[in-house]
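**Q** Dropping a prediction and its sequence here:
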Amino acid sequence: MTNAIIFRNIYLAVDQPPQFKNCPLSEDLVFQTATGTTQAEVSWNAPDISDDNMEDEDRENVEVTIERDPPLDPPLVLEPLEDQTLTLDKGVYTVVYTYTDVNLQDAECPFTVTVEGRYIPCILGVETHN
């Protein structure tokens, strides 16, 4: 009788969920309007998506939404893989980048963009004399 040892290599493919890298931080996205105006130019760098099953054409499946209360009319349409520069009214905006891979695993990159108003100081109760 012969003793034999059999080794088998078993490889398991583990699908890692997709991840956004370099998601903007909300505290870095606070912009001021020019004095006496209601809008500000805002900008951020688009996050990057990585996934172990991603092909170059899959990058087109990234979507970006931007919302505000009251709702934007018309809604903004953004190119998800490009850095953004746009003009927004005063308010708080929720921006969400989303991606779903071929195995239906999701990734999100949510952050807020805040536009604060800058006002001309006004002193009440002071009479002016000409």
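**A** Received it, and whenever you're ready, just let me know what you need. Numbers count the residues shown, from 1 in each chain.

**Q** what are the ranges of the helices in this protein?
**A** Ranges of helices within the chain: none, based on DSSP state H.

**Q** pull the helix or strand with minimum mean pLDDT from it.
**A** Within the chain, no helix or strand scores below strand 48-50, which has a mean of 89 by mean pLDDT, DSSP states H and E.

**Q** Which strands or helices does that strand pack on?
**A** Applying 3 or more Cβ pairs under 8 Å, 6 or more residues apart in numbering; DSSP states H and E, one finds that strand 48-50 contacts strand 19-21. Using the backbone N, CA and C atoms, a C-beta is placed for each residue, glycine as well.

**Q** which residues are contacting the strand it packs on?
**A** Under the criterion Cβ atoms under 8 Å, 6 or more residues apart in numbering, residues 47-51, 97, 99, 107-109 lie in contact with strand 19-21.

**Q** In it, which residues are buried?
**A** Under the neighbour-count criterion of 16 or more other Cβ atoms under 10 Å, strand 19-21 has F20 buried.

**Q** what sits against the closest residue to D106 other than its chain neighbours?
**A** Distances taken as Cβ to Cβ, 6 or more residues apart in numbering place T100 nearest to D106, at 5.2 Å, with adjacent residues excluded. Counting by Cβ under 8 Å, 6+ apart, T100 makes contact with 18, 61, 106-107.

**Q** cutoff 10 Å now
**A** The contact partners of T100, taken as Cβ atoms under 10 Å, 6 or more residues apart in numbering, are 18, 51, 58, 61-63, 106-107.

**Q** of those residues, buried ones?
**A** Neighbour counting with 16+ other Cβ under 10 Å marks 18, 51, 58, 61-62, 107 as buried within these.

**Q** Which pair of those spans the longest distance?
**A** Distance extremes for the buried ones among the contacts of T100: the farthest pair is D58 and A107 at 12.0 Å, using Cβ to Cβ.
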